[in-house]
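Fold the following, please.
(chains A, B and C)
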Amino acid sequence: MLPLASILIEVVGKGLPAISLSFLTKSTGNITDPSSGIGNAIEGTLILIGVTCLIAVPVGSFAGIYLAEFGDNKFGRTIRFLNDVLAEFPSIVIGILAFSVVVIAIGHFSAIAGAVALSIIMLPIVTRTTEESIKLVPSSIRDASMALGIRRWRTSLSIVLVTAKDGVITGIMLSIARISGETAPLLMTVLGSGFYFSGLDQPIDALPLRIYSDYKNSNYPSALAQGWGAALILIVLVLSLNLGVRLLTRGRSSFARARA
Amino acid sequence: MDIGLERLRNMVLDMADLSENTVSTSIDAYVQGKDLRERIYGWSEQLRMLQDEVSELAVELIARYQPVASDLRFIKSCMEVAYGFSRFGRYAHDISDVFGIFGDLSKCDKTTIEQAGDQAKNMIRVSIKAFTERNVELAGNLKKMDDVVDNTYLDFVRKSASNPLGDLKCTVSGTLILRYLERIADHATYVGESVLYIVSGERTARR
Amino acid sequence: MEKFKIQTEKLNAWFGNNHVLKDLSINIKENEATAIIGPSGCGKSTFIRCLNRMHELVPGAKSSGVVLLDNANVYARGIDPVTVRRRVGMVFQKPNPFPTMSVYDNVAAGLKLNGIRDHQKLDRAVKRSLELAFLWDEVKTQLDKSGTSLSGGQQQRLCIARALAVEPEVILMDEPCSALDPIATAKIEELIASLKDQYTVVIVTHNMQQAARVSDSTAFLYLGQLIEYGETTQLFENPTEELTERYLTGKFG
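All right, here's what the predicted structure looks like:
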């Protein structure tokens, strides 16, 4: 509790003064310009999250469904093991991987490279939480559906997955919170920039990168203030995602109803 | 429920002994010309009350425990058998009434009636034994014994009908008593049929 | 001459190496309620799960033998188990409505998820099924309420309605009342009596009195074997087998 509180106090204290509408909307441009903002960093983070989800969510949830419903064999156990290994991979190594594959292929740093790296980080989390959520759906629900003469795959998608959706969404949101703070892979893939989004194959900025580069330029007071402001925004983002998860799982949880 | 069934059984056996006693006493009283009406009436009344108690206990057991199979058949039979024993008491009562109606009957030839009376007493004893031991063979014997009593009764009636000059008092009182003995014999066979039902679930058609 | 809706011949079933059903040959009469009774673990639930090919869904489960539905073997090569399950419906011990769906959607689930989209058809089917399940009057104004917001007895009737909506010919019930209070139980028993006209009902129950109340024929299973099968009144008043007699009078199980 204490470390969390002290961090929050520090960040809020140093970052709040920097927040303003222009701060949030203007792009960074020249770092020494005191009127520079982190609008592009916010935009960049959001775009990266979006593209990453586009890649990782379908793959991860289908993998999770497969493992939960059909994964009791050797193949399933292998996949599960590989998945767990991937989850423990140092993110910087994943960054190197994405660098050597995507950045080299395109020729320069790009947003898509970053999205690829982040999706490799996100994938195992989504797979695991999806699998767990589906496994928690009581077998009586599955039985009831099968007894009605509903096909296996239809049962898995329309009945089981829908019942488990709260858990699956929770998993996705938590993994988003995780990747929005990842810095190392981004260093090697998206580079960062002072400008707004200009294409998936172009470098893009992101909050963690902004914080890092502000740290590097911290002898400039405006950069320092900007850094704290960016940190504050990032923490707000992560906390609100977590809060959202908390709100979702309380109350009308279909999970709790299914298990009652 | 087993305790209930045991209680039911004991009540029926108590009735059995009492009814056997009651019938024997009434027959002997007739044969020996003694007036034991008070006593017989009392016992007959007791038997009736016992029959009510058996009925109530049986219904309570059914309502409470919803018995099935042999337990259910046993309870049903107890109700029927208790009714039979109470009928024994009733007929014993009727036999002693004869003394009140006809007064002194010492001049009558009571041999046939005495024989039939012995047969009836025997049948009661056999039926009780069959019930106590759930002995189907013994129960089967009752049918033949019943025929003997029936024939004795019918013979007596026919003989009396073809001999109008006999003593009216003796004829009528004798007929009445044989009639009661015949009914006692019938009920004894019914007890035997109940024993068969308890053991094998078979029901015999009533003639 | 009564028709037999379902006939099993030498039905055997295993869970792994555990031989749970042994050479069962039972004939279920059409438009009757047949009760399956026996002590815990005698294979009652396994038996009915073989009738709608649900048994094979359990990992490691096997079965052999013939199950005839209208004289056609449901285990024949080439028969799609899904079609069997549409003709033979099932209601489970614990009410299990789909938790994310409303009352309406629960009942319509079997139809919707098999491709029927016509709203009028669905509306009619839902109303009809809820009426058959004696639930219509209680929920007609709350069709969009969540299925799990109903009471236990109502939920079980909802599951029955859901099973009826796909218009099966047989309804299997696996101890449907064991999680319910006596009044809810009575409602379901009444319901079974009315369903007999149009459907064939097979009900597994460990409650002998319920079997006696509700069924026309009763089968007594013990350790996976059929001990006795006969008309209910006959079996309960005067069973033929010693084992049945002992079970009914509470000497074991």
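
Let me know whether A:Ala206 touches A:Gly44 as I believe.
Yes: with contact defined as C-beta atoms under 8 Å, A:Ala206 and A:Gly44 form a contacting pair (4.5 Å). (Each C-beta comes from the backbone N, C-alpha and C, glycine too.)

so where's chain A uncertain?
Within chain A, the stretches with pLDDT under 70 are A:27-36, A:251-260.

which neighbours do A:Ala206 and A:Gly44 share?
A:Val190 (C-beta atoms under 8 Å, 6 or more residues apart in numbering or on different chains).

neighbour-wise, which of these two wins?
More neighbours surround A:Ala206 than the other of A:Ala206 and A:Gly44, with 32 against 28 (other C-beta atoms under 10 Å in any protein chain shown).

and the gap between the more buried one and chain C?
For A:Ala206, the distance to chain C equals 36 Å [C-beta to the nearest C-beta, to the nearest Å].

For that residue, give me phi and psi.
The phi and psi values for A:Ala206, taken as degrees, to the nearest 10, are phi -150, psi 160.

Okay, the closest residue to chain A within the stretch 101-250 of chain C and chain B: tell me how far apart.
Residue of the stretch 101-250 of chain C nearest chain A, by C-beta to the nearest C-beta: C:Gly110 (3.9 Å). According to C-beta to the nearest C-beta, C:Gly110 and chain B sit 37 Å apart.

Check A:Ile65 too.
On the measure of C-beta to the nearest C-beta, A:Ile65 and chain B end up 50 Å apart.

Could you find the closest non-adjacent residue to C:Val201?
C:Ala33 (4.3 Å; C-beta to C-beta, 6 or more residues apart in numbering or on different chains).

Chain C contacts on the stretch 101-250 of chain A?
Contact residues (C-beta under 8 Å from any C-beta of the partner chain) of the stretch 101-250 of chain A with chain C: A:138, A:140-141, A:143-151, A:154, A:158-159, A:162-163, A:165.

so of these, which ones are in helices?
Among these, the ones falling in helices (DSSP state H) are A:Ser140, A:Ile141, A:Asp143, A:Ala144, A:Ser145, A:Met146, A:Ala147, A:Arg154, A:Val162, A:Thr163, A:Lys165.

which residue is nearest the centroid of chain C?
Centroid check for chain C by C-alpha atoms, centre = their mean gives C:Leu172 as the closest residue, at 1.4 Å.

and that residue, helix, strand or coil?
With DSSP: H, G, I helix; E, B strand; the rest coil as the basis, C:Leu172 sits in strand.

Show me the beta-bridge partners of it.
C:Met90, C:Val202 (DSSP bridges).

Spit out the contact partners of it.
So C:Leu172 contacts C:Ile48, C:Leu51, C:Asn52, C:Val88, C:Gly89, C:Met90, C:Val91, C:Val202, C:Ile203, C:Val204 (C-beta under 8 Å, 6+ apart).

State the distance from the first one to C:Gly224.
By that I understand C:Ile48. For C:Ile48, the distance to C:Gly224 equals 14 Å [C-beta to C-beta, to the nearest Å].

From the structure, what's the count of residues near B:Met11?
18.

what residues are up against it?
B:Leu50, B:Glu53, B:Val54, B:Leu57, B:Ala82.

Any idea which residue of chain A lies closest to chain C?
Taking C-beta to the nearest C-beta, chain A has A:Gly149 as its residue nearest chain C, at 3.5 Å.

for chain B, same thing?
B:Gly201 (3.0 Å).

What residue, apart from its backbone neighbours, is nearest that residue spatially?
C:Asn238 (3.0 Å).

Next one: the residue nearest to the centre of chain C from C:Ser63, what distance?
15 Å.

Check C:Thr218 too.
Counting by C-beta to C-beta, the gap from C:Thr218 to C:Ser63 is 23 Å.

So for those two, which residue has more residues nearby?
C:Thr218 (27 against 18).

Now that one: phi and psi?
Residue torsions, per degrees, to the nearest 10, at C:Thr218 are phi -130, psi 140.

Identify the bridge partners of it.
C:Ala35, C:Gly230.

could you list every residue that touches it?
Per C-beta under 8 Å, 6+ apart, neighbours of C:Thr218: C:Thr34, C:Ala35, C:Ile36, C:Ile37, C:Ala211, C:Ala212, C:Tyr229, C:Gly230, C:Glu231, C:Thr232, C:Leu235, C:Phe236.

ok, of these, which one's closest to A:Phe99?
Set against A:Phe99, the nearest of those by C-beta to C-beta is C:Ile36 (66.5 Å).

what about that closest one, how many neighbours?
Quick note: C:Ile36 (other C-beta under 10 Å) scores 30 neighbours.

same question, the one 5 residues further on
By other C-beta under 10 Å, 13 other residues sit near C:Gly41.

Got the confidence number for it?
Listed pLDDT for C:Gly41 reads 83.

Excluding chain neighbours, what is closest to whichever residue of chain C sits closest to chain A?
Relative to chain A, the nearest point of chain C is C:Arg86 (3.5 Å; C-beta to the nearest C-beta). Leaving aside its sequence neighbours, C:Arg86 sits nearest to A:Gly149 (C-beta to C-beta, 6+ apart; 3.5 Å).

wait, doesn't the one you found sit right on C:Val166?
Yes: look at A:Gly149 against C:Val166 with C-beta under 8 Å: they come within range, at 6.1 Å.

Phi, psi for the residue located most distally from the centre of chain B please.
Here the centre of chain B is the reference, and by C-alpha atoms, centre = their mean the most remote residue is B:Leu165, at 32.9 Å. The phi/psi pair for B:Leu165 (degrees, to the nearest 10) reads phi -90, psi 0.

if I look at it, how far off is chain A?
90 Å.

Contacts only, for that residue.
So B:Leu165 contacts nothing (C-beta under 8 Å, 6+ apart).

picking that back up, what is the helix or strand encompassing the residue of the stretch 101-250 of chain C closest to chain A packed up against?
In this assignment (DSSP states H and E), C:Gly110 forms part of helix C:103-112. Helix C:103-112 sits against helix C:119-132, helix C:152-165, with contacts defined as 3 or more C-beta pairs under 8 Å, 6 or more residues apart in numbering or on different chains; DSSP states H and E.

out of these, which comes closest to chain B?
Short answer: helix C:152-165, nearest of these by C-beta to the nearest C-beta, at 22.0 Å.

The residue nearest to A:Val190 when sequence neighbours are not counted and A:Gly50: what is the separation?
Of all residues not flanking A:Val190 in the chain, A:Gly114 sits nearest, at 3.8 Å (C-beta to C-beta, 6+ apart). Distance of A:Gly114 to A:Gly50, given as C-beta to C-beta: 12 Å.
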